[in-house]
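In: Sequence plus predicted model, see below.
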Amino acid sequence: MSNAFKNPRLIFLLNSAQRSLQAWMTALQAQLSTADEVMPTPAQAGLLFTLQQTDGATMGQLSRALQLVPSAMSGLVQRTEALDWVARHPDPEDGRTQRVWLRPAGLAQLPRLKPITQRINRQLSQGFTEAELAVVARWLTHVQQLDTTP
């Protein structure tokens with residue numbers, strides 16, 4: 001076993017992998033976009049998939065589901081709303097709360113996003129056994145759930 005696997009630089013590897021994945025996804029988005037039709041960004045795709053499951057979610061619920069700070073969530077919804085993929089409306093019971101709804105144009109994005117997402121997942125898992133991927137998934141879930149209080 002190589003020394004790199006005995007003492008992995010987990011923070012570096014995780015950050016580097018995230019940057020590489022983001023660059024790859026951005027390039028794929030640009031490649032699949034046309035002059036007539038913009039492909040959703042990975043963040044917009046996440047928002048659309050989340051709303052497919054919980055249409056009418058509050059901004060807070062979306063922030064938690066997508067693990068974004070409220071200001072980033074607000075910007076994401078605003079950019080996606082400008083494309084007419086989602087709509088924001090005040091909650092009828094609490095006017096301070098905004099709910100986000102999937103619009104027909106956003107719903108129309110989902111059939112083209114699903115095969116792309118499946119293709120990406122196949123490429124990411126290529127060459128790994130189910131057992132290895134289960135360990136990776138367990139470790140990444142562990143990292144997501146770490147207590148961030150000092």
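Out: Nice, I can see it.
In: Check which element follows the helix or strand harbouring Gln31 along the chain.
Out: Per DSSP states H and E: Gln31 is located in helix 10-32. Counting by DSSP H and E, the next helix or strand C-terminal to helix 10-32 is helix 42-53.
In: Grab the CA positions of the helix holding Gln31 and hand them over as CSV.
Out: The C-alpha trace of helix 10-32 is given here as CSV (Å, rounded to 0.1, in the frame of the first residue of the first chain):
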residue,chain,number,x,y,z
LEU,A,10,-8.0,14.1,3.6
ILE,A,11,-8.6,17.9,3.8
PHE,A,12,-6.5,18.6,0.7
LEU,A,13,-8.0,15.6,-1.2
LEU,A,14,-11.6,16.6,-0.3
ASN,A,15,-11.1,20.3,-1.3
SER,A,16,-9.2,19.4,-4.4
ALA,A,17,-11.9,16.8,-5.4
GLN,A,18,-14.6,19.4,-4.8
ARG,A,19,-12.9,22.0,-7.0
SER,A,20,-12.2,19.4,-9.8
LEU,A,21,-15.8,18.2,-9.7
GLN,A,22,-17.1,21.8,-9.8
ALA,A,23,-14.9,22.6,-12.8
TRP,A,24,-16.0,19.4,-14.6
MET,A,25,-19.7,20.2,-13.9
THR,A,26,-19.2,23.8,-15.1
ALA,A,27,-17.6,22.6,-18.3
LEU,A,28,-20.3,20.0,-18.9
GLN,A,29,-23.0,22.7,-18.3
ALA,A,30,-21.3,25.0,-20.9
GLN,A,31,-21.0,22.1,-23.3
LEU,A,32,-24.7,21.1,-23.0
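In: That helix: which residues count as buried?
Out: 25, 29 (16 or more other CB atoms under 10 Å). In this view, the C-beta of every residue, glycine as well, is placed from N, C-alpha and C.
In: What is it packed up against?
Out: helix 42-53, helix 110-125 (3 or more CB pairs under 8 Å, 6 or more residues apart in numbering; DSSP states H and E).
In: Next, the angle helix 110-125 makes with it.
Out: With axes from the mean of the first three to the mean of the last three CA atoms, to 10 degrees defining the directions, helix 10-32 sits at 140 degrees from helix 110-125.
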